[in-house]
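Student: kindly return the folded structure for what I paste below:
(one chain, ligands or ions: 1)
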Amino acid sequence: MDDRDYRRAVAVLRALTTGTGHPVRVPLGPAPADPRAAVAAVAGRSGIRLHRITLGPAWWRVNLGPLLCWTGAPVRPAVLLFRGRCYRRVDPDTGAVQRISAAVAAELGDCAERPVLPVPAGTGAGGLLRRALHGSRAELVRLVLAGALVAAFSLATPLVSGVVFGALVDGAGVSLLSGLTLAYGAASVLASLLGVAANLRVLRLEGILRYDTELPLWDALLRLPARFFTHRGAGEITDIALSMSVTRDNLAGLPVQLVGATFTVLLEFVLLLVVSPVLAALAAALIGLALLALLPLFRVAARRQREALPREFGMITLTNQVLSGIERIHLSAAQRRVFDRWSGRNREAQRSVRRVRWAHALPTVLASMLPMAAQLILYALAVGPASAILTPQRFFTVNAAFGLLFGSATVLFAGAATVVLVLPRMNWVGTVLAAPRERQEAGADPGALRGAIGFRQVSFGYRSDGPALIPDLDLEIAPGEFVAVVGPSGSGKSTLLRLLLGFETPSAGQVRYDGRDLATLDLAAVRRQCGVVLQHSSLLPGTVRENVAGGDGDPAEVQRALRLAGLADEVAGWPMGLETIVAAGTSTVSVGQAQRILLARALVRRPRILLLDEATSALDNRTQQVVVANLAALRVTRLVVAHRLSTVLDADRIVVLDEGRIVQQGTPALLRADTTGPFHRLARRQLLTDPEPDARRYDAVAD
Ligand SMILES: Nc1ncnc2c1ncn2[C@@H]1O[C@H](COP(=O)(O)OP(=O)(O)OP(=O)(O)O)[C@@H](O)[C@H]1O
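Tutor: Now for the predicted structure:
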């Protein structure tokens with residue numbers, strides 16, 4: 001990094017931090033001895049976590065945090081600087097785009113990459129497309145111009161063929177014909193070159209569209225509240241996520257064809273008007289008639305596609321379910337039943353697809369008959385009523401013009417049939433774009449949390465029209481306290497954790513961190529300080545290290561977290577150690593080991609608060625005691641949801657929940673002493689229904 005690079009880096013940091021309350025304060029002097037470290041230090045002082053600084057001889061780039069990527073990594077403020085120029089800074093929470101000052105941009109040169117711009121909630125699929133094409137107006141104009149020129153050159157065909165064939169009929173000399181042939185050849189070559197140029201434009205536009213529609217769609221998906229996904233099948237989500245690329249593949253090459261065909265239709269029509277207004281009127285009438293006949297077919301195709309899509313989603317969801325539950329299917333010997341169900345649904349889905357294909361093919365085939373029909377009508381007119389006005393030259397001109405006009409009209413109709421199929425898919429994309437993001441406005445920085453959490457007069461129900469699941473809850477948990485929540489199935493224990501994490505919003509009351517309402521805080525900053533294992537958390541495909549700490553975790557921290565989770569020794573004994581590949585649904589690790597990897601993941605960032613939902617249910621008693629002792633030594637706040645009552649006897653306080661209400665709370669000793677209380681009843685019931693190996697400890701509870 002030389003002086004100039006250093007000055008650029010600092011200038012960009014300065015521009016990035018303008019208005020953030022942490023402006024960069026360094027003079028633009030000569031580069032220090034270690035400019036890279038100096039830039040990182042400047043960024044650190046300014047509240048920016050520099051993820052990577054990459055510098056090359058002719059280009060350089062500063063990334064603030066990981067970029068949105070296909071693995072679903074969180075979106076952090078991202079600025080891509082390439083060949084030194086920074087387009088804009090994007091605030092990931094508000095979506096606000098901050099332009100970098102013109103002076104900085106001018107100094108920094110040319111930009112070759114574009115940042116991912118979050119789409120504001122409510123933007124439709126059309127809006128996304130318009131946004132994506134916003135900076136490409138010049139490109140679009142060139143595409144249209146190229147299409148117009150290609151169409152203009154194609155006028156040569158009817159004009160030249162009229163003159164040539166007319167002249168041949170009249171017995172004209174060779175010199176005239178060869179001159180015309182040369183001119184025609186030149187026009188054809190030019191038209192072909194322009195066609196190639198237009199296709200190249202489209203390739204570029206498609207590249208831009210790919211980047212500026214797919215990535216913002218993924219970005220929007222990742223920002224949606226968790227409940228958006230709970231009511232939708234995997235098929236629907238997968239299809240929505242892939243819709244943009246499916247759409248792009250379906251429409252590939254279509255823009256060039258449509259632009260060219262539109263201009264050809266218009267220009268050939270003008271030519272016909274000049275040559276023979278009557279035949280021009282005939283052509284217009286034929287196209288009008290074709291349109292009238294095809295419109296109802298387009299409607300049918302659109303309706304069938306709308307009906308077919310949910311079936312397609314259902315099939316993907318069912319296939320996922322079958323493949324992920326293959327062991328359960330074997331255990332219950334349900335292969336035949338599952339196969340019948342799968343093949344029945346598959347038949348239905350295939351039938352829908354066939355109906356869509358037919359509905360798409362029919363207008364396309366009918367439209368392809370149009371040029372021949374038009375030509376036949378022309379021939380009939382030429383030998384019949386129009387023979388007087390159609391001189392040989394006129395006839396050949398009109399004949400070629402008819403061919404081009406109706407050929408292009410066919411292209412337009414076939415294109416429309418494709419677009420009609422794509423639109424319903426785009427409506428599904430619209431549902432993602434229109435859905436409110438998790439939190440629209442940026443909340444206040446919670447700072448380093450002390451660990452006090454609580455619910456103040458919280459009411460909540462998953463359905464706004466039904467009775468509240470949690471009618472009116474008050475619960476305060478002090479920093480460092482270990483509180484266990486127990487209660488019958490469906491009493492709302494997991495829902496408490498979802499409320500604490502901001503996945504659900506209370507209809508009344510406050511969820512509180514350090515006495516502050518979560519609704520006013522920066523959700524991401526709060527979550528970063530919580531170690532969480534939810535009931536259905538599962539491992540990600542990858543290594544143990546990646547599962548615990550992501551791609552760039554400090555190995556020492558990973559080891560520490562594994563030690564706390566009681567797994568370090570076991571992992572050390574595996575041949576691949578931390579690099580052992582694990583994944584949900586595979587048998588490389590046991591359920592208990594998977595639970596401890598998840599626990600290590602929750603612990604690796606040294607959280608102030610631990611929220612655990614059935615996080616140790618598969619551990620044996622000895623391992624469980626080790627883990628509980630390790631967690632106790634951390635002195636962090638713990639809110640633990642557990643079914644196995646033996647796992648909560650070390651808690652500072654046990655809260656018994658029933659139908660969303662606290663029906664009993666106190667120290668384990670107090671609750672055990674109350675032999676008529678809800679905790680005792682719960683323990684007895686559990687002993688009857690679930691006589692597990694550690695029943696002796698239940699006995700201790702139930703006695
Ligand atoms: N996303 C959701 N949408 C609608 N209802 C839900 C949702 N999640 C949970 N519920 C319902 O809310 C109630 C409480 O669920 P919750 O998972 O909080 O109970 P729980 O006490 O943790 O149960 P368990 O001990 O069986 O895990 C249940 O009746 C459940 O069906």
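Student: all helices of the stretch 351-500 of the chain, in order?
Tutor: Assigned by DSSP state H, counting those that start in this stretch, the stretch 351-500 of the chain shows helices spanning 370-383, 392-434, 493-500.
Student: so is the shortest one next to the ligand?
Tutor: Yes. Taking CB under 6 Å from any ligand atom as the criterion, helix 493-500 and the ligand are in contact, through 493-495. Quick note: C-beta positions are derived from backbone N, CA and C, even for glycine.
Student: what do you get for stretch 599-618?
Tutor: No. Stretch 599-618 is not in contact with the ligand by CB under 6 Å from any ligand atom; minimum separation 7.2 Å.
Student: flag every buried residue along that stretch.
Tutor: 599-604, 607-618 (16 or more other CB atoms under 10 Å).
Student: same question for stretch 455-464.
Tutor: Of the residues in stretch 455-464, 455-456, 458-461 count as buried by neighbour count, 16+ other CB under 10 Å.
Student: out of those residues, flag the one nearest to residue 667.
Tutor: Closest approach between the buried residues of stretch 455-464 and residue 667, by CB to CB: residue 455, at 20.2 Å.
Student: partners of that closest one in the sheet?
Tutor: Beta-bridge partners of residue 455, counted by DSSP bridges, are residue 475, residue 511.
Student: got the contact list for it?
Tutor: By CB atoms under 8 Å, 6 or more residues apart in numbering, the contact set of residue 455 is 473-475, 496, 499, 506, 509-512.
Student: which SSE is the spatially most central residue of the chain in?
Tutor: In the chain, the residue lying closest to the centroid (CA atoms, centre = their mean) is residue 218, at 2.0 Å. Residue 218 belongs to helix 215-223 when assigned by DSSP states H and E.
Student: next, the buried residues of that helix.
Tutor: By neighbour count with 16+ other CB under 10 Å, helix 215-223 contains the buried residues 215-221, 223.
Student: ok so, going back, need the buried residues of stretch 455-464 in a markdown table with pLDDT and distance to the ligand, can you?
Tutor: Below are these laid out as a markdown table (pLDDT from 0 to 100; distance: CB to the nearest ligand atom, whole Å):
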| residue | pLDDT | distance to the ligand |
| --- | --- | --- |
| 455 | 95 | 14 |
| 456 | 95 | 19 |
| 458 | 94 | 13 |
| 459 | 94 | 14 |
| 460 | 92 | 10 |
| 461 | 90 | 9 |
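Student: do you know how far residue 453 is from the ligand?
Tutor: 17 Å (CB to the nearest ligand atom, to the nearest Å).
Student: so that residue touches residue 637, yeah?
Tutor: Yes. If you go by CB atoms under 8 Å, residue 453 and residue 637 touch, sitting 6.2 Å apart.
Student: okay, those two: which has more neighbours?
Tutor: Ranked by neighbour count (other CB atoms under 10 Å), residue 453 and residue 637 place residue 453 first, with 27 against 24.
Student: what residues are up against that one?
Tutor: Contacts of residue 453 (CB under 8 Å, 6+ apart): 477, 500, 511-513, 609, 637, 639.
Student: hey, what's in contact with both of residue 453 and residue 637?
Tutor: Jointly contacting residue 453 and residue 637 under the rule CB under 8 Å, 6+ apart are 477, 609.
Student: longest helix of this protein?
Tutor: helix 277-324 (DSSP state H).
Student: who in this protein is up against the ligand?
Tutor: Applying CB under 6 Å from any ligand atom, one finds that the chain approaches the ligand through 227, 230, 462, 469, 487, 489-495, 535.
Student: filter those to the buried ones?
Tutor: Buried among those (16+ other CB under 10 Å): 469, 487, 491-495.
Student: pLDDT added to the residues you listed, as TSV?
Tutor: Shown next, in TSV, are those (pLDDT from 0 to 100):
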residue	pLDDT
469	91
487	91
491	91
492	91
493	92
494	92
495	93
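Student: pull up the gap between residue 638 and residue 256, please.
Tutor: Distance of residue 638 to residue 256, computed by CB to CB, to the nearest Å: 62 Å.
Student: so where's the stretch 401-550 of the chain shaky on pLDDT?
Tutor: For the stretch 401-550 of the chain, residues meeting the criterion pLDDT under 70 lie at 439-442.
Student: one more time with 80
Tutor: Residue ranges of the stretch 401-550 of the chain with pLDDT under 80: 427-429, 431-432, 434-443, 464-466, 536, 538, 540-542, 550.
Student: the stretch 601-703 of the chain now?
Tutor: In the predicted model, the stretch 601-703 of the chain carries pLDDT under 80 at residues 617-618, 621, 644-647, 684-703.
Student: now the helices for it?
Tutor: 621-634, 668-673, 678-689, 695-702.
Student: now tabulate the ones you listed in TSV and tack on mean neighbour count.
Tutor: Shown next, in TSV, are the helices of the stretch 601-703 of the chain (neighbours: other CB atoms under 10 Å):
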stretch	mean neighbour count
helix 621-634	16
helix 668-673	16
helix 678-689	17
helix 695-702	16
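Student: looking at these, which is closest to residue 660?
Tutor: Across the helices of the stretch 601-703 of the chain, the minimum distance to residue 660, taken as CB to CB, is reached by helix 678-689, at 13.8 Å.
Student: helices or strands up against the strand or helix carrying residue 563?
Tutor: Secondary structure assigned from DSSP H and E places residue 563 in helix 555-564. With contacts taken as 3 or more CB pairs under 8 Å, 6 or more residues apart in numbering; DSSP states H and E, helix 555-564 sits against helix 544-549, helix 568-573, helix 591-603, helix 621-634.
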